[in-house]
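Novice: below: sequence and its predicted model.
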Amino acid sequence: MKMRELEKRTGVSRQMVQFYLAHGLLPEPVRPKANVAEYSEEHVRAIEVIRRLQTEGRLKIQEIKQALAGGPASAPTEVAVIPHLDRLFALRAGVDTQLVPLSSIESRNPKAKTDAVVLQQIGAIEIVRRDGQSQVSRMDAQIVGLWGDMRAAGFTEERGFDPNIVTMYLKAARDIAAAEIDLFAAHVSRDLPVEQRAAMAETASKLMLGVFTVLRMKAEVEAFARVEQAAKGEQPTKNDRAAHAETAPA
């Protein structure tokens, strides 16, 4: 859309839109040629969020900018403001806000549309109908695409593998995320500045994902060894028995 339509959709003047852009509060528009700018629904949503932050959160432009940049004065005191800041940050960074048609994933996953229906049923993704098409967020598109990669690697329905298997990973991901948040909240003081806590959480998430990946690989190697031993009629070793005991349900 052109600037005139953006002004009409948001009730914000051209000068104010340019002001928001100059302060880095909006994603840059697409510029197909000099002196031509094309705006999208992301700009509409971002402007709506900025207006809410100004009216509901009573934040000034400079305070919004500092909050997005993670500066020392960036900690909003009103809890209700935080979801708006998260939303604006995601819009500005282009994180998981732009929808893509499921049809665009079919080159990677020819069964993208049917897989997406199953993945939505188990709560792994969300399908949105827009412009007469089934669309998903970019993050959800990755999930659909990855399942296509699994099928291409030989994990087919004929062998007993279908998208419902993702339920197991979804539950594990939610359980781990909930446990991590509880642990973080219990041991990281709320007296620390918000930006410091956010940085700690982001770093821990990346590092512990690496730890979890290695632990999972180790567990799978041990599990494969037990299966092979059982198939050969061999007795598990002492270490195998100990590992199995630790992972066995109570």
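Specialist: Nice, I can see it. Residues are numbered from 1 along each chain as shown.
Novice: what ranges do the helices span in this structure?
Specialist: Ranges of helices in the chain, per DSSP state H, are 3-10, 14-22, 41-55, 61-69, 81-93, 112-121, 138-152, 166-187, 194-232, 238-247.
Novice: quick one: which of those helices is nearest residue 132?
Specialist: helix 112-121 (13.9 Å; C-beta to C-beta). All C-beta atoms are positioned from the backbone trio N, CA, C, and that covers glycine.
Novice: centre of the chain to that closest one, how far?
Specialist: 18 Å (C-alpha atoms, centre = their mean, to the nearest Å).
Novice: now the helices of the chain in JSON lines, with distance to residue 102, mean neighbour count and mean pLDDT?
Specialist: Formatted as JSON lines, the helices of the chain follow (distance: least, C-beta to C-beta, whole Å; neighbours: other C-beta atoms under 10 Å; pLDDT from 0 to 100):
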{"stretch": "helix 3-10", "distance to residue 102": "26", "mean neighbour count": "15", "mean pLDDT": "92"}
{"stretch": "helix 14-22", "distance to residue 102": "32", "mean neighbour count": "14", "mean pLDDT": "91"}
{"stretch": "helix 41-55", "distance to residue 102": "18", "mean neighbour count": "19", "mean pLDDT": "83"}
{"stretch": "helix 61-69", "distance to residue 102": "31", "mean neighbour count": "17", "mean pLDDT": "70"}
{"stretch": "helix 81-93", "distance to residue 102": "21", "mean neighbour count": "17", "mean pLDDT": "57"}
{"stretch": "helix 112-121", "distance to residue 102": "5", "mean neighbour count": "19", "mean pLDDT": "96"}
{"stretch": "helix 138-152", "distance to residue 102": "7", "mean neighbour count": "18", "mean pLDDT": "91"}
{"stretch": "helix 166-187", "distance to residue 102": "16", "mean neighbour count": "12", "mean pLDDT": "90"}
{"stretch": "helix 194-232", "distance to residue 102": "27", "mean neighbour count": "12", "mean pLDDT": "84"}
{"stretch": "helix 238-247", "distance to residue 102": "37", "mean neighbour count": "12", "mean pLDDT": "53"}
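Novice: with distance to residue 28 added, can I get these in TSV?
Specialist: Shown next, in TSV, are the helices of the chain (distance: least, C-beta to C-beta, whole Å):
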stretch	distance to residue 28
helix 3-10	14
helix 14-22	7
helix 41-55	10
helix 61-69	15
helix 81-93	10
helix 112-121	30
helix 138-152	18
helix 166-187	32
helix 194-232	24
helix 238-247	50
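Novice: right, and those helices - which one's nearest residue 32?
Specialist: Using C-beta to C-beta, those put helix 3-10 closest to residue 32, at 14.0 Å.
Novice: average model confidence for stretch 26-37?
Specialist: The average of the pLDDT scores along stretch 26-37 is 85.
Novice: and the end-to-end length of that stretch?
Specialist: 13 Å (C-alpha to C-alpha, to the nearest Å).
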